[in-house]
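Visitor: no FASTA, just this:
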């Protein structure tokens, strides 16, 4: 007798496996934690074995879960490729994408390249700014869709991935030892700014801002020359800079979500297709720094 399972069960399983948490998976998939738990239980009943076991820091895959994960990833890729191949039509027109400065050259660059190669007839315009500025631009119709960084749990958009905010300093630098602590933020509207200053305030640490003029290259330069430290998502930190933490006398910073926002009105095909590429590019395993 043939045995089948819903592809949604496999998506849920991989989300839990990627992040070791049903709570985080539920947030990303826009499901309740109870629904995620029920889907995992259903898979375990179908296969007749446990897929996860609990540890102090979250969920860990069992041997059976590890075997399933590799096949699950291949199945999802095949499913998405078949769907795209059978439903794809020629897409023409233009699309205006808003994204934060720190994501342009890092996690989103391969996504944009893939989209441009697949749909050469579409003109892409990029609008870079802080997340609050991009939300305003979306509301005003200046952009067609936006990738927004927000503290985990506060987003009303479609959560694509999560990442921990971390302190970043020069390699073997000493700026983090100064009092007051010199901080370089990309802009005074930066989405990370309230969380950074709240963490320092709660930690009883004095600080001063060194740069907030909306230029990520200048911010990076102040950090590389050890004039200041900054805070970025862990996955966007350049290899030549150091990630700092509690061992350096700095407070922990929160986890942020990277979410996709679309306008409430109907979207044109170039916008819908770019949103799909962004989902596929960002909904992948991402290492979250330990709390």
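Guide: Happy to help now that I have it. Not measured: the values here are computed from a predicted model.
Visitor: what about residue 60, how many neighbours?
Guide: 13 (other CB atoms under 10 Å). C-beta here means a position set from N, CA and C on the backbone, and glycine is covered the same way.
Visitor: measure it to residue 217 for me?
Guide: The spacing between residue 60 and residue 217, counted by CB to CB, to the nearest Å, is 41 Å.
Visitor: kindly report the same for residue 81.
Guide: 37 Å.
Visitor: what is the longest strand along the chain packed up against?
Guide: Determined from DSSP state E, the single longest strand within the chain is strand 158-170. In terms of contacts (3 or more CB pairs under 8 Å, 6 or more residues apart in numbering; DSSP states H and E), strand 158-170 is packed against helix 22-29, helix 216-224, strand 230-233, strand 241-244, strand 255-261, helix 269-282.
Visitor: which of those sits closest to residue 201?
Guide: Nearest to residue 201 among the helices and strands packed on strand 158-170 is strand 230-233; the distance by CB to CB comes to 14.1 Å.
Visitor: residue 159 contacts residue 259, correct?
Guide: Yes. Between residue 159 and residue 259 there is a contact at 5.1 Å, judged by CB atoms under 8 Å.
Visitor: overlap in contacts of those two?
Guide: Counting by CB atoms under 8 Å, 6 or more residues apart in numbering, no residue touches both residue 159 and residue 259.
Visitor: which of residue 81 and residue 217 has more residues huddled nearby?
Guide: Between residue 81 and residue 217, counted using other CB under 10 Å, residue 81 has the larger neighbour count: 11 against 8.
Visitor: give me phi/psi at that one?
Guide: phi -70, psi -40 (degrees, to the nearest 10).
Visitor: now it: how far from residue 170?
Guide: 43 Å.
Visitor: likewise for residue 111?
Guide: Applying CB to CB to residue 111 and residue 170 gives a distance of 30 Å.
Visitor: no more questions from me, cheers.
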